Structures are given as structure tokens and as C-alpha cells.
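In: here is a sequence together with a model predicted from it:
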Amino acid sequence: MLYSIMINTRDLTIKGTLELLKKKEISVEELVSSCLNIIESKNPEINAVLTVNENALDEAQQFSNLTPLRPRLREGAAISQFNNKPLLGIPIILKDAYSTKGLRTTAASKVLENYIPPFDATVVKKLKEAGAIILGKANMDAWAHGSSGENSDFGPTKNPYDLSRTPGGSSSGSAAALAAGMSLASTGTDTGGSIRLPASFTNLVGLKPTYGRVSRYGIIAMGSSFDSIGHFTKDVYDNALILSVTAGHDSLDGTTSKLDVPKYHLKLETSMRGKKIGIVKEFTHSGIDSKVDEVTQKTIKTMERLGGEFIEVSLPHVEYAIETYYILVPAEVSSNLGRMTGTRFGKGRELFGDEAKRRIMIGTYTLSSGYYDAYYNKALKVRTRIKQDFDQAFEKVDALLCPVSPTLPFKLGEKANDPLAMYLSDIFVAPMNLAGVPALSVPAGSVEGLPVGIQFVTKQFDEQLLYQVAYAYEQARGPIENLKINT
Ligand code: GLN
């Protein structure tokens with residue numbers, strides 16, 4: 001036990017915690033200690049965290065000095081600290097693909113087992129400047145390749161709602177850690193669903209921002225034209241608050257947009273009356289688990305009650321999304337992993353796991369002369385079509401609503417030996433990465449004690465509307481019953 005007071009971090013939002021800190025009902029030190037205690041006691045079971053930041057408590061103590069309990073005089077000063085630092089004292093866990101200065105960063109691969117970056121990723125820098133305390137690094141599928149966390153070289157992460165099941169992947173540890181109360185928010189990367197799928201499987205809000213909205217600098221690359229840098233929170237407000245901190249142009253990432261970053265969390269209320277919401281015709285096929293579909297139907301009813309108008313839209317090329325994704329992403333993977341030669345970072349490439357090797361081989365093949373036009377070039381053309389499909393849909397509707405996963409959180413081992421079955425978990429999430437649009441997974445219900453999320457999608461750079469629609473839904477949805485953390 002690091003500290004005698006235990007705060008129930010599982011039920012705390014960032015917003016609620018900031019209130020408690022401002023009123024001095026809790027201290028940053030108590031908060032961080034409580035999270036560290038949960039990591040210490042629950043991580044052996046869940047395997048969500050690979051590396052703990054040993055300095056976290058020291059950092060927390062510095063903040064505790066800034067918020068003294070006594071003098072009224074300094075109360076104003078303490079409050080203005082919160083204004084300058086919107087995440088002051090908030091414990092965050094980062095996916096282990098985020099470079100952290102002086103803190104081991106492995107991407108869950110043995111190749112980087114001992115790698116200690118000499119710099120922070122831009123997002124990490126921004127979070128620290130906003131006052132967040134980095135507690136540690138989360139387990140993941142190695143190099144972010146996967147949908148279940150089972151490709152980690154450090155063992156799979158377990159779903160806190162049912163330890164025999166996956167929390168989803170590839171940001172498996174980030175989701176499981178937050179659900180279990182090890183932090184108040186966590187970060188992930190979403191190249192083809194790796195934030196939204198685990199968010200859906202662990203009852204969290206997970207954002208895949210527009211490609212180029214958040215800097216990729218210092219994030220270990222998977223597919224550079226797909227990688228979207230987002231995060232997990234317990235509710236929509238918290239999610240919007242973090243994006244207000246992390247988004248924006250970065251001279252170190254030439255693909256980041258110069259568009260202004262709104263304070264998303266301050267403009268969440270808006271009427272759904274007359275808002276047009278699209279149901280994607282191609283996503284209503286029979287491959288969906290009927291119980292997951294029931295949750296989707298219930299969500300549609302809730303949005304209709306709020307005044308939303310539903311329209312069927314067609315994205316005719318999304319039926320090729322998985323094939324297109326699994327040509328283009330491995331091509332980019334094979335190029336990005338080429339730097340892991342053992343001379344500059346970490347250990348030798350003989351330590352690559354099966355999935356990384358599979359992707360390097362597929363990618364090298366589709367990029368090789370003679371096959372380039374047949375595969376890579378053709379897939380690029382389909383990608384453009386898919387992007388146009390989304391553009392056309394957003395001429396008719398404000399947002400799309402669709403499932404996140406076609407199935408409930410599956411059993412560990414269920415799909416581990418069948419890469420194709422695993423790839424199909426991404427049918428409702430990968431298309432958004434091909435199109436570069438923002439998408440949010442929001443808790444929507446439970447089936448047999450397992451969480452089920454729903455996905456909202458808007459056009460590029462309209463995260464504000466995305467959050468507004470999701471917030472309206474979240475307010476109307478009511479509490480989700482029959483969910484219990486089992487650890
Ligand atoms: N499941 C997808 C894949 O394996 C998504 C990965 C991701 O978003 N990082 O490629």
C-alpha cells in the first residue's frame with residue numbers, strides 16, 4: 001500500500017475529479033497513489049500495464065504543494081493553476097507506442113524490449129504541459145497489429161468485465177487499465193479500429209480523430225497514412241476535454257492541420273432536432289450478432305426520440321474496405337518496420353513475432369515490381385473511392401451511426417490462430433481510417449454482462465459535431481445495467 005486513503009477511481013470522471021481537487025476534497029497525491037495501488041494489485045491478473053513510471057508519485061507531490069488545504073488567500077492562485085493546466089493532476093496511462101523520454105517504450109515487441117526514448121512524443125509533451133501525470137505504459141498488440149491484444153510479446157491483456165475474454169485491440173492495455181480504475185484516461189492509436197474496438201469491449205468512450213488532427217510525431221508508426229492518435233475516457237465530456245489539449249498543428253508532423261482547435265468540451269449541448277443521421281446500407285448485413293444489432297436498434301430509437309431523422313445511405317465501396325486496408329496497411333508497415341534493423345533501436349529483427357513477419361511479407365510483396373500495379377496501386381484507387389463514398393454520404397447527412405464490432409467481446413484464443421477471422425473484426429471500423437474521417441465509440445448497452453458500444457462518424461475535422469451528437473445520446477441513454485468489473 002503506497003497511501004492509506006483509497007479513492008474509488010473506477011467511478012470517477014476527469015470532470016468530477018477536477019472538482020474534487022479544486023475543492024480540496026482529495027489531493028493529487030491521494031489520487032495517484034490510489035491508481036498505483038490498483039496497478040499493483042490488479043495488473044498481475046489483467047496484464048494491462050507493461051511499465052510503471054516510478055517518478056509518478058514524486059510528480060504528484062509537487063502538484064499537491066500547489067493546492068494547499070489551508071490558506072484562503074492562495075485559493076484563487078490554486079484555481080488559476082487549473083485554468084492554465086486543464087488536466088492538472090490527472091493520471092493518464094499511455095499506449096506503449098507513445099515515445100516517452102526516459103521511460104521504456106516497447107510497442108509490446110521484444111525488438112524494443114529495452115528501448116528508452118530520448119524524447120517525448122508531441123502528444124505526451126502536451127499532456128504533461130496540461131498537468132497530466134503519466135503513470136505508465138499500456139500493453140498492446142505488438143506494433144499495434146491486431147484486434148485482441150493477443151499479438152503482444154508480453155502476453156495478452158484480459159478484459160476486466162470477463163477475464164476469459166479480450167478487451168479488444170490493439171490498444172488493449174489502455175482500455176483495460178482505464179476500465180479497471182488504474183488511471184482516469186488513457187491514450188491509444190487507431191489505424192484500423194484499435195481505439196474504437198477496445199472502447200466498445202470495455203464500456204468506454206474511444207475517439208479516432210480525423211487523420212491529421214493530432215500529431216503523430218513520436219508515436220511508433222504502423223501505417224503512416226492511417227495512424228490516428230486518440231484516447232479513451234469514461235464519458236464524452238472527458239474525451240472532448242482531452243482532444244482540446246492534444247489536437248493541433250505540429251511543425252514536426254507535416255500532415256497535421258492548421259485548423260483552429262476549439263474547446264470541444266465547452267460546446268457539447270446542441271439539439272438533435274432535424275439532425276440527419278445516416279444508417280449505412282452495407283453495414284446492415286447478416287454477419288452481425290443479433291444481440292449487438294438489438295443494441296444498435298435501441299440507439300436509433302433513442303436518437304429518434306431526441307428528434308434525429310434517420311436516412312439510409314450507401315457507401316458502395318466499403319465492401320472492399322478490409323481487402324483494401326490489408327493491402328495498404330501492410331505495405332506501409334513493411335516500410336516503417338524496415339528501420340528496426342537492430343543497429344539504432346533495440347534488438348535484432350529476428351525477434352519480430354508472426355504477425356509482424358506476416359505483414360512485412362505481404363507488404364513487401366504488394367510493393368514489389370510486377371505486383372505493385374495489381375495490388376498496391378489498385379488498392380489506392382479503391383481507397384479514393386471509399387473516401388468519395390463518405391464525402392457523398394455527408395452531403396446528405398450530418399452524421400453516421402453504426403455498430404463498432406460485429407460481435408461481443410470474444411474469448412481469448414477464439415480467433416488467435418485465424419488471422420482472417422481476426423481481420424473481420426474490423427469491418428465497421430477500418431473504413432473510417434481509409435477515409436480519414438473522425439469516429440467515436442460510445443457505450444450503448446450490455447449483453448450477458450458484456451459491454452457493447454455504438455459508433456458515430458462525422459466528416460473530416462468535424463469532431464465538434466461528433467461530440468455533440470454523442471453527448472446528446474449519452475445524456476438520453478441512461479445508465480447501462482448489468483455490467484460489473486470482475487477483478
Ligand atoms: N485490427 C487492425 C489491424 O490489425 C487495427 C490495428 C490498429 O488500428 N492499430 O491492423
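Out: On my side now, so go ahead. Residues are numbered from 1 along each chain as shown.
In: use CA for all of it now, contacts and neighbours both
Out: Fine.
In: hmm, stretch 133-147 touching the ligand?
Out: Yes. Looking at stretch 133-147 against the ligand by C-alpha under 6 Å from any ligand atom, the contacts come from A144, H145, G146, S147.
In: where's the nearest residue to L268 once chain neighbours are set aside, which helix or strand?
Out: Using C-alpha to C-alpha, 6 or more residues apart in numbering and skipping the chain neighbours, the partner closest in space to L268 is Q468 (4.8 Å). In the assignment (DSSP states H and E), Q468 maps to helix 463-477.
In: try D293
Out: helix 290-305.
In: and the end-to-end length of stretch 151-167?
Out: Length of stretch 151-167, first residue to last, C-alpha to C-alpha, to the nearest Å: 13 Å.
In: now it: buried residues?
Out: Using 16 or more other C-alpha atoms under 10 Å as the test for burial, stretch 151-167 gives 151-163, 165-167.
In: please apply the same query to stretch 110-120.
Out: K110, V111, L112, E113, Y115, I116, P117, D120.
In: contacts for the helix or strand containing N336?
Out: Secondary structure assignment for N336, by DSSP H and E: helix 321-336. Helix 321-336 is contacted by residues 192, 221-224, 226, 359-364, 366-367, 375-376, 379-380, 382-383, 386, 423-424, 426-427, 430-431, 434 when judged by C-alpha atoms under 8 Å, 6 or more residues apart in numbering.
In: can you tell me the centre-most residue of the chain?
Out: I195 (3.0 Å; C-alpha atoms, centre = their mean).
In: now for that one: which residues touch it?
Out: G169, S170, S171, G188, T189, G206, L207, K208, G230, H231, F232.
In: can you list those residues in TSV and add distance to the ligand, pLDDT and neighbour count?
Out: Listed next are those as TSV, based on distance: C-alpha to the nearest ligand atom, whole Å; pLDDT from 0 to 100; neighbours: other C-alpha atoms under 10 Å:
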residue	distance to the ligand	pLDDT	neighbour count
G169	7	97	35
S170	5	98	34
S171	7	98	40
G188	9	98	34
T189	6	98	33
G206	12	99	34
L207	12	99	35
K208	9	99	33
G230	11	98	28
H231	12	98	32
F232	14	99	32
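In: so which of those sit within strands?
Out: G188, T189, G206, L207, K208, G230, H231, F232 (DSSP state E).
In: on that earlier part again, and the angle from the helix holding D293 to helix 463-477?
Out: 100 degrees (axes from the mean of the first three to the mean of the last three C-alpha atoms, to 10 degrees).
In: and the angle for the helix or strand following helix 290-305 with helix 290-305?
Out: As assigned by DSSP H and E, the chain's next helix or strand after helix 290-305 is strand 309-313. Calculated by the same axes, to 10 degrees, strand 309-313 forms an angle of 130 degrees with helix 290-305.
In: in strand 309-313, what counts as buried?
Out: Neighbour count says strand 309-313 has E309, F310, V313 buried, by 16+ other C-alpha under 10 Å.
In: now swap in stretch 290-309 and tell me
Out: By neighbour count on 16+ other C-alpha under 10 Å, the buried set for stretch 290-309 is 291-293, 295-296, 299-300, 302-304, 306, 308-309.
In: what lies in contact with that stretch?
Out: Stretch 290-309 is contacted from outside by 271-277, 310, 402-403, 406-408, 444-447, 452, 454, 472-473, 476-477, using C-alpha under 8 Å, 6+ apart.
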